[in-house]
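# I'll drop the sequence and a predicted model, then ask my questions.
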Amino acid sequence: MNTMSRKRVASILVVAAVALATGFLVAGQVKAQLLTPSNQVARYQALVRSVQELETGNAASRQRIATLRAQIDALEAAAARQSAATQALQNQVADLRAHAGLTPLHGPGVEVDLADGVPGGDSSSVPGYLVNYKDVQDLVNLLFARGAEGIAVNGRRITPLSAFSGSEGQVIIDQGPQVAAPIKLLAVGDRNRMETALADPSVLPDIRAREVQFQLQITFSGGPNLSLPAYDSSLDTRHVGTL
Amino acid sequence: MSARSRRPASSRAVSVWLLALVVALVATVQIRSQAEVERSFAGADTASLAFLIDNLHRANDSLQAETADLTLRQATLQSGAGNAADQVLADEAARLRAAEGLVPVHGPGVVMVVDAVGLQALDLQDALNNLAVGGAEAIAVNDRRVVIGVPIEQTPGGVTIGGAPVPAPWTISVIGDANRLAQAADAMTQQMRADRRVRQATYRVEADVVIRAVVTERPFVYGVG
């Protein structure tokens, strides 16, 4: 009786081991089949890891720049307290920095929100339902032409040398990380002129067309006191000399 | 007899169920982890990621150069030597005036000539943005200085910059890293030549591009620092 029971346990264990091995084999095979096409996933993982590491470094550098600028401001202010000439120079620089977007700005303005639409029968290489960098560029140009004195896009301040790039639904502004919809654009300046421009159906023709075709969303509202952050990246003028 | 034979049968059934459970679990974990990996990359193809990496590398280099410059400025100010603060402030003022287009400037760069019929303000804005992405530090079109904030608009009479008409051909003078600008200009002119509206699109690299045009300073009316 005891021998029989032991045999039964042993046979069950054998069956279990065989089934377990089969399970691993099946799972391994499924995994191998998923991975085989050109090691795509491993390559993606490596690329994404690179992006994440670079973005971490990017954020740290921008933080460091903001801290250094604040410390330099304090040192300049201390020097300015000791000399009228230095004070005059510091006032000039403060004004130039404000116009370059290197210091925070607040005042009346508009908030514009852009959001992706719905994929449709779009055969173009650039998906029309996604907000892209040209949309942001067009909005920034429009608002500066219609009374904006300062603009920030998803917390990134626009400067006189700002550049917009990106692929598909990604927007890259200057040396910042990519951002994607929803995009929030804050503009401080002549609120009435900006609101009138945004309500004009004849401006932003590409966005208006995609509003209809892909339900791309653009909304705006005015505000009495919007706050823009300071620019936290490099204003590169290494190759420019004054005449 | 029936009770005795039912017990081993039920324990076998339990074993089989346990085995099936283990197999299902292993397979599920494998497939789910695979699906999870794939989901995290949804929407980003290899080309987009490569573009992003290239851009971030360049951006981080630029940020590090700025950090080094600021660190030097900070050290100069901390030294308190002579008129260190005045010198730092004067240098900063000159740099910002150049960036804001308030003073004439010169430096290496490219000069593009685009002759076309029917190009719009949006086309010019796109071209200037491409050059900005390519590292432009100062730009003028037909001797009109352009920085972000200077309106480029479409009027019935054609394209205007800051309210002044800029009829074709457009001569676009750009200062910056000449190598990067040449790459950008090359790609742009090739693309433009494929446009039926464009009669001519050329560029040349110059060691010293001079831009004398300046932007008029606009004081803030609404914004407060």
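Ah, there it is.

# show me the contacts for residue 161.
The chain I'm using is chain A. Contact partners of residue A:161, counting by CB atoms under 8 Å, 6 or more residues apart in numbering or on different chains, are A:174, A:235, A:236, A:237, B:99, B:132, B:136, B:137, B:147, B:148. No exception for glycine: its C-beta is placed from N, CA and C like everyone else's.

# not what I meant, chain B
B:141, B:142, B:144, B:146, B:150, B:151, B:152.

# out of the residues you listed, who's nearest chain A?
Checking these against chain A with CB to the nearest CB, the nearest one is residue B:151 at 3.5 Å.

# skip the chain neighbours and tell me the closest residue to the closest one.
Nearest residue to residue B:151 in three dimensions, chain neighbours excluded: residue A:145, at 3.5 Å (CB to CB, 6 or more residues apart in numbering or on different chains).

# the one you found is in contact with residue B:148, isn't it?
No: Residue A:145 is not in contact with residue B:148 according to CB atoms under 8 Å; the separation is 10.9 Å.

# neighbour count for these two, which is higher?
residue B:148 (22 against 19; other CB atoms under 10 Å in any protein chain shown).

# list the contacts of the more buried one.
Counting by CB under 8 Å, 6+ apart, residue B:148 touches A:140, A:141, A:144, A:158, A:159, A:160, A:161, A:162, B:132.

# what sits against residue A:82?
Residue A:82 makes no contacts at all, as judged by CB under 8 Å, 6+ apart.

# let's see that with 10 Å instead.
Residues counted as contacts of residue A:82 (CB atoms under 10 Å, 6 or more residues apart in numbering or on different chains) are B:80, B:85.

# what distance do you get for it to residue A:75?
Residue A:82 sits 12 Å away from residue A:75, going by CB to CB, to the nearest Å.

# repeat that for residue A:195.
For residue A:195 relative to residue A:75 (CB to CB), the value is 41 Å.

# distance between the strand of greatest length in chain B and the chain's centre?
In chain B, with assignment by DSSP state E, the single longest strand is strand B:198-211. Distance, stretch centre to chain centre, for strand B:198-211: 22 Å (CA atoms, centre = their mean, to the nearest Å).

# and for stretch A:49-56?
For stretch A:49-56 - counting by CA atoms, centre = their mean - the centre lies 14 Å from the chain centre.

# and the helix or strand of chain A with the lowest mean pLDDT, what other elements does it pack with?
The weakest-scoring helix or strand in chain A, judged by mean pLDDT, DSSP states H and E, is helix A:2-35 (a mean of 73). On a contact count with 3 or more CB pairs under 10 Å, 6 or more residues apart in numbering or on different chains; DSSP states H and E, helix A:2-35 meets helix A:40-80, helix B:2-40.

# going on from the longest one, what's the next piece of helix or strand?
Spelled out, it's helix A:40-80. Per DSSP states H and E, helix A:40-80 leads on to helix A:84-100 as the next helix or strand towards the C-terminus.

# over to residue A:134. Which of the three states is it?
Three-state call for residue A:134 (DSSP: H, G, I helix; E, B strand; the rest coil): helix.

# same question, residue B:149
coil.

# shouldn't residue B:137 be in contact with residue B:106?
No: here residue B:137 does not reach residue B:106: they are 11.1 Å apart, not a contact under CB atoms under 10 Å.

# of those two, who's got more company?
residue B:137 (23 against 19).

# wondering if the helix or strand hosting that one reaches chain A at all.
Using DSSP H and E, residue B:137 sits in strand B:136-141. Yes: contact between strand B:136-141 and chain A, assessed by CB under 10 Å from any CB of the partner chain, occurs at B:136, B:137, B:138, B:139.

# show me what contacts the second one?
Right, the one you point to is residue B:137. Counting by CB under 10 Å, 6+ apart, residue B:137 has contacts A:161, A:235-240, B:98-99, B:105, B:107-109, B:174-177, B:181.

# count the residues that sit near residue A:140.
25.

# if we can go back for a sec, out of the helices and strands packed on helix A:2-35, which one sits most buried?
Burial of the helices and strands packed on helix A:2-35 is given as mean neighbour count (mean count of other CB atoms under 10 Å in any protein chain shown); helix A:40-80 ranks first at a mean of 16.

# touching chain B at all, that helix?
Yes: judged by CB under 10 Å from any CB, helix A:40-80 comes into contact with chain B at A:40-48, A:50-51, A:53-55, A:57-62, A:64-69, A:71-72, A:74-80.

# Three-state assignment for the nearest residue to residue B:62 once chain neighbours are set aside, please.
Nearest non-adjacent residue to residue B:62, counting by CB to CB, 6+ apart: residue A:234, 4.6 Å away. Put simply, residue A:234 is coil when judged by three-state DSSP.

# on the pLDDT front, check residue B:153 for me.
Looking at residue B:153, its pLDDT stands at 94.

# same check on residue B:131?
97.

# so how far is the strand holding residue B:137 from its chain's centroid?
In this view, strand B:136-141 has its centroid 16 Å away from the chain centroid, taken as CA atoms, centre = their mean.

# may I have that strand as PDB, with CA atoms only?
Backbone C-alpha positions of strand B:136-141 (Å, rounded to 0.1, in the frame of the first residue of the first chain) are rendered in PDB as follows:
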ATOM      1  CA  ALA B 136      21.200  80.800 -36.600                       C
ATOM      2  CA  GLU B 137      22.200  83.500 -34.100                       C
ATOM      3  CA  ALA B 138      21.300  86.500 -36.300                       C
ATOM      4  CA  ILE B 139      19.200  86.700 -39.400                       C
ATOM      5  CA  ALA B 140      18.200  89.400 -41.900                       C
ATOM      6  CA  VAL B 141      16.000  89.200 -44.900                       C
END
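
# residue ranges with poor pLDDT in chain A?
Scanning chain A for pLDDT under 70 picks out the ranges A:1-4, A:29-38, A:121-126.

# chain B versus the spatially most central residue of it, what's the distance?
Centroid check for chain A by CA atoms, centre = their mean gives residue A:179 as the closest residue, at 1.9 Å. As judged by CB to the nearest CB, to the nearest Å, residue A:179 and chain B stand 12 Å apart.

# quick one: that residue and residue B:155, what's the gap?
In terms of CB to CB, residue A:179 sits 33 Å off from residue B:155.

# equivalent analysis for residue A:163, please.
Distance, residue A:163 to residue B:155, using CB to CB: 25 Å.

# any common contacting residues for residue A:82 and residue A:75?
B:80, B:85.

# need the contact list for the nearest residue to residue A:66 once chain neighbours are set aside.
In space, and not counting its chain neighbours, residue A:66 is closest to residue A:232: 4.7 Å by CB to CB, 6+ apart. Taking CB under 10 Å, 6+ apart, we find residue A:232 in contact with A:59, A:61-67, A:69, A:101-102, A:155-157, A:174-176, B:63, B:66.

# need the next SSE after the helix or strand hosting residue B:173, C-terminal direction.
Using DSSP H and E, residue B:173 sits within strand B:170-176. Downstream of strand B:170-176, the first helix or strand assigned by DSSP H and E is helix B:178-193.

# distance of residue B:21 from residue A:23?
For residue B:21, the distance to residue A:23 - CB to CB - is 10 Å.
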